[in-house]
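**Student:** here is my input, please return the structure:
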Amino acid sequence: MTHEFKATDFSIGEDGIARFTMTRGDIMNPLTEDLRSDFVAMLDQVQGNTDVKVLIIAGEGRAFSAGGDVKGMANRQFADPSVAQQRMYSTHNWLERLWNLDCPVIAAVDGLAYGGGFAFALMADFVFASPKARFCSVFGRIGLMPDLGLLYTLPRIVGMQAAKDLMYTCRSIDVEEARSMGIVYAIHPSDTLMGEVETFAERLTHGSKSAMTVTKRAVNKTFEASYAETVTAEATGQPLLFTTDFHKEAARRFVSKEPSMFDWDRMNKSG
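**Tutor:** Below is the predicted model:
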């Protein structure tokens with residue numbers, strides 16, 4: 001049965017780029033049941049799909065996403081701790097899939113990324129943002145702890161002390177501070193943000209998806225892996241990549257002194 005996307009627009013282009021845009025900007029793209037369902041359906045279509053080389057996640061309106069459905073919380077939707085716990089486990093079933101998705105993920109943030117929206121952005125490999133972007137681990141303002149993976153991703157990006165600062169104070173930060181902390185990869189004006197994201201994504205499509213996937217999953221485990229475990233990841237992944245068509249053709253071109261299929265420096269000069 002075909003899924004009807006109710007809180008998002010989703011498409012897979014012939015260029016190998018999947019585009020997932022949260023469309024409930026009128027209510028700041030909260031994590032409603034519809035959005036959860038759309039995320040799962042999107043992952044079902046992207047994960048393992050050889051036609052998808054890159055995923056872009058964006059949000060319409062003045063918020064990338066304002067995070068949790070606070071109205072649902074106010075209605076005591078989660079009054080039973082066991083229900084709330086099961087809901088969290090269920091959410092992480094698809095969040096972990098997003099974190100380890102087998103292609104690069106880019107978040108385009110052109111507004112507020114608060115609470116769960118902040119967590120969504122940090123599930124991406126790269127965060128592009130406009131000067132209108134603001135980020136906030138807002139959970140503590142309503143007496144809650146960070147969730148949706150933020151406890152995992154944020155300390156790894158900004159360090160322990162800075163993560164505690166953002167989590168304890170619940171202060172919002174602008175795009176410049178976010179970039180200085182390593183949260184934001186690049187800043188572009190709102191009117192050119194998506195164009196810059198599309199250009200970056202298109203360049204990534206020229207690379208080896210297999211190599212990026214194996215690298216991504218190994219790097220994602222770096223902070224909890226021992227040296228020996230990292231060596232195992234190399235010794236497991238590299239021999240498989242030696243057998244890929246991309247590597248074989250790249251090696252042949254190198255020996256034949258032909259132009260590389262994937263040369264970021266050359267693309268920068270020509271772009």
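
**Student:** how about the contacts made by the most centrally placed residue in the chain?
**Tutor:** Among the residues of the chain, the one closest to the centroid is A124, at 1.7 Å (C-alpha atoms, centre = their mean). Neighbour list for A124: 57, 105-107 [criterion: C-beta atoms under 8 Å, 6 or more residues apart in numbering]. The way it works is simple: take the backbone N, C-alpha and C, and place the C-beta from them, glycine included.

**Student:** buried residues in stretch 139-147?
**Tutor:** 139, 146-147 (16 or more other C-beta atoms under 10 Å).

**Student:** residues contacting that stretch, please?
**Tutor:** With C-beta under 8 Å, 6+ apart as the test, stretch 139-147 has contacts from 70, 73, 88, 115-116, 119, 137, 151, 154, 167-170.

**Student:** could you export the helix or strand containing A121 as PDB, CA atoms only?
**Tutor:** A121 belongs to helix 116-122 when assigned by DSSP states H and E. Extracted in PDB, the C-alpha atoms of helix 116-122 (Å, rounded to 0.1, in the frame of the first residue of the first chain):
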ATOM      1  CA  GLY A 116      13.600  17.500  18.600                       C
ATOM      2  CA  GLY A 117      14.200  19.700  15.600                       C
ATOM      3  CA  PHE A 118      17.700  20.300  16.900                       C
ATOM      4  CA  ALA A 119      18.100  16.500  17.300                       C
ATOM      5  CA  PHE A 120      16.800  15.900  13.700                       C
ATOM      6  CA  ALA A 121      19.400  18.300  12.300                       C
ATOM      7  CA  LEU A 122      22.200  16.600  14.100                       C
END
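
**Student:** got the contact list for the longest helix along the chain?
**Tutor:** Ordering each helix of the chain by length in residues (DSSP state H) puts helix 81-99 first. The contact list for helix 81-99 (C-beta under 8 Å, 6+ apart) reads 36, 39-40, 43, 47, 78, 105, 119, 123, 147-149, 153, 220.

**Student:** the following helix or strand past it pairs with which strands?
**Tutor:** Remark: after helix 81-99, the chain's next helix or strand is strand 105-109, criterion DSSP H and E. Using DSSP bridges, strand 105-109 pairs in its sheet with strand 54-59 (parallel), strand 126-129 (parallel).

**Student:** now do the shortest one, average pLDDT.
**Tutor:** For strand 126-129, mean pLDDT rounds to 98.

**Student:** how near is A63 to Y185?
**Tutor:** 20 Å (C-beta to C-beta, to the nearest Å).

**Student:** so where is this protein shaky, pLDDT-wise?
**Tutor:** Along the chain, segments meeting pLDDT under 70 span 1, 69-79, 271.

**Student:** quick one, helices of the stretch 151-271 of the chain?
**Tutor:** 160-169, 175-180, 190-204, 209-220, 227-242, 245-255, 264-270 (DSSP state H, counting those that start in this stretch).

**Student:** now those in JSON lines, with mean neighbour count and distance to L98?
**Tutor:** Putting the helices of the stretch 151-271 of the chain into JSON lines (neighbours: other C-beta atoms under 10 Å; distance: least, C-beta to C-beta, whole Å) gives the following:
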{"stretch": "helix 160-169", "mean neighbour count": "15", "distance to L98": "20"}
{"stretch": "helix 175-180", "mean neighbour count": "17", "distance to L98": "20"}
{"stretch": "helix 190-204", "mean neighbour count": "17", "distance to L98": "16"}
{"stretch": "helix 209-220", "mean neighbour count": "17", "distance to L98": "11"}
{"stretch": "helix 227-242", "mean neighbour count": "12", "distance to L98": "20"}
{"stretch": "helix 245-255", "mean neighbour count": "12", "distance to L98": "24"}
{"stretch": "helix 264-270", "mean neighbour count": "10", "distance to L98": "25"}
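
**Student:** what's the closest of these to T21?
**Tutor:** Among the helices of the stretch 151-271 of the chain, the nearest to T21 by C-beta to C-beta is helix 190-204 (9.6 Å).

**Student:** what angle sits between that closest one and strand 54-59?
**Tutor:** Between helix 190-204 and strand 54-59, the angle formed by their directions is 160 degrees, by axes from the mean of the first three to the mean of the last three C-alpha atoms, to 10 degrees.
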